[in-house]
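S.K.: curious how this folds, go ahead:
(one chain, ligands or ions: 3)
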Amino acid sequence: MPEYFPKVKKIKYEGPGSKNPFAFKHYNPKQKVMGKTMAEHLRFGVAYWHTFCGTGADPFGLPTYNRAYHHSDPMREAEMKLEAAFEFFTKLGVNYYCFHDFDIAPEGETLAESQKRLDHIVKLAKKLQNDTGVKLLWGTCNLFSHPRFMGGAATSPSPQVFAYAGAKVKKALEVTKYLGGEGYTFWGGREGYECLWNTDMGREFDHLGRFLHMAVDYKKEIKFKGQFYIEPKPCEPTKHQYDFDSASCYAFLQHYGLVDHLKLNIEANHATLAGHTLHHELAFAAAHGILGSVDANRGDELLGWDTDQFPTNIYETTMAMYLILKAGGFTTGGLNFDAKIRRQSTDPEDLFHAHIGAMDAFARGLKNAAKMIKDKALDKIVAQRYKGWDSKLGKDIEGGKVGFKELEAYTFEHGEPEVQSGRQEYIENVINEYIA
Ligand code: XLS
Ligand code: NI
Ligand code: NI
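M.R.: Ligands and ions are numbered 1, 2, ... in the order given. Below you'll find the predicted structure:
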């Protein structure tokens, strides 16, 4: 097999003092943190679509990257790309990857031809997985690039498009199972609307619910054991996407009786597009028992779109890991770097710098968060803030023992509530001491 990244050797952990750009300064896969290794906690995944299919093109400009696996024959290119991908995973030392069906194999003229192409590449993927030990974190299906999906897939005005989408997801589920995928993600790229005047919203929601039930049924039928995720995003490419944020996904899942079958895959840049923070989206998902996996990236504070940059902000990774650890850590999920290098980052080695930096950023976040948990840095402060709920009044309210009449009687007797400070600035100072 040719070497696609000849300038890079296996990336090793060299510790915080290292000046080697091709070494980890913080991510030490075997190092134990709160009883598990860093690798077990963080479960890093590489996003095939950005890292191997990204070209550097943007809506205003043509591709800027030249890669050794580019080839005039699309199937030969797909094979070479896959070999390059596994060389990359192995050199980087990540245990997982994620892909859409037609990231790994080019779509053919017909569904049958597309499936045949996919089968060929997937066999090769299975072999490379076995050779390297790299696993599939989750599979997914591209239901947004092809023109047939311009009006959505499950929410398309055409049942024929719905059918095509069903056929594609069926195959993607089979492929994900075959590769031992630990999950499967639904990201409804065009499940939304551009214009409400031509949209029957209620009907589209019902169709999306129906589609996901079909997926749940088929999952049972083929005995696929992986976890299903739905990935919220408020817009882009549509003006409005139905899976807007964690809260709207939760309402949707409840309404259609799907809440036991899908968890959320939360993406940082999608959170900010929705006017939230990653912190908010993780907290909501954790509070409702639907935190599944994370697409780890970041946006740009000054740009209002999904820039999908690699995560570098230690404050953010600390907050994220704090919430993830508090929620019990990942089970089937992980940190998938749904992120792309910038258009001017044209060297293949830039892919390594991007992932090394992001993995180190999350390793630091993990260490910081574990220290906060060990020190109980926030526990007392939060417990103190809610201590009233441990009183008789609090317990009676939470236990459903009192109603408005008793609350009125209580208030007549006790008058104005006690005032207590939220101590935000103090808490922020405490947290800053942990950002290392
Ligand atoms: C796009 C999404 C997409 C999903 C997988 O914004 O993040 O990449 O993660 O379809
Ligand atoms: Ni994503
Ligand atoms: Ni995204």
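S.K.: might you report the residue contacts of residue 111?
M.R.: Taking C-beta atoms under 8 Å, 6 or more residues apart in numbering, we find residue 111 in contact with 164, 167, 168. In this view, the C-beta of every residue, glycine as well, is placed from N, C-alpha and C.
S.K.: touching the helix or strand that contains the last one from outside, list them.
M.R.: Okay, so that is residue 168. Residue 168 belongs to helix 159-178 when assigned by DSSP states H and E. Identification of contacts with helix 159-178 by C-beta under 8 Å, 6+ apart yields 100-101, 111, 115, 118, 122, 126, 136, 138-143, 148-149, 151-154, 156, 184, 207, 211, 214-215, 218-219, 222-224, 226.
S.K.: in that helix, which residues are buried?
M.R.: Using 16 or more other C-beta atoms under 10 Å as the test for burial, helix 159-178 gives 161-162, 164-166, 168-178.
S.K.: that one near ligand 1 anywhere?
M.R.: No - Helix 159-178 does not reach ligand 1 (C-beta under 6 Å from any ligand atom); its nearest approach is 10.9 Å.
S.K.: out of the contacts of residue 111, who's nearest ligand 2?
M.R.: residue 168 (18.0 Å; C-beta to the ion).
S.K.: show me the shaky parts of the protein.
M.R.: Judged against pLDDT under 70, the chain has no low-scoring part.
S.K.: quick one, strands of it?
M.R.: Counting by DSSP state E, the segments of the chain that form strands are 12-13, 23-24, 32-33, 36-37, 44-47, 96-100, 135-140, 183-186, 192-193, 227-230, 240-241, 262-267, 291-295, 335-337.
S.K.: whichever residue of the stretch 101-250 of the chain sits closest to ligand 1 - nearest residue in space that isn't next to it in sequence?
M.R.: Distances between the stretch 101-250 of the chain and ligand 1 by C-beta to the nearest ligand atom are smallest at residue 187, namely 3.5 Å. In space, and not counting its chain neighbours, residue 187 is closest to residue 231: 4.1 Å by C-beta to C-beta, 6 or more residues apart in numbering.
S.K.: my guess is that neighbour contacts residue 295. True?
M.R.: Yes - between residue 231 and residue 295 there is a contact at 6.7 Å, judged by C-beta atoms under 8 Å.
S.K.: any common contacting residues for the two?
M.R.: With C-beta under 8 Å, 6+ apart, residue 231 and residue 295 have common neighbours 265, 266, 267, 270.
S.K.: between these, which is closest to ligand 2?
M.R.: Closest to ligand 2, out of all of the shared contacts of residue 231 and residue 295 and judged by C-beta to the ion, is residue 267, at 4.4 Å.
S.K.: is the closest one bridged to anything, and to what?
M.R.: residue 295 (DSSP bridges).
S.K.: near ligand 1, which residues of this protein show up?
M.R.: Contact residues, the chain versus ligand 1 (C-beta under 6 Å from any ligand atom): 100, 140, 185, 187, 231, 233, 267, 295, 306, 338.
S.K.: buried members of those residues into ChimeraX, please.
M.R.: The command below creates a ChimeraX selection of those among those that count as buried (16+ other C-beta under 10 Å):
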select :100,140,185,187,231,233,267,295,306,338
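S.K.: from the residues of the chain next to ligand 1, pick the one nearest residue 331.
M.R.: residue 185 (15.3 Å; C-beta to C-beta).
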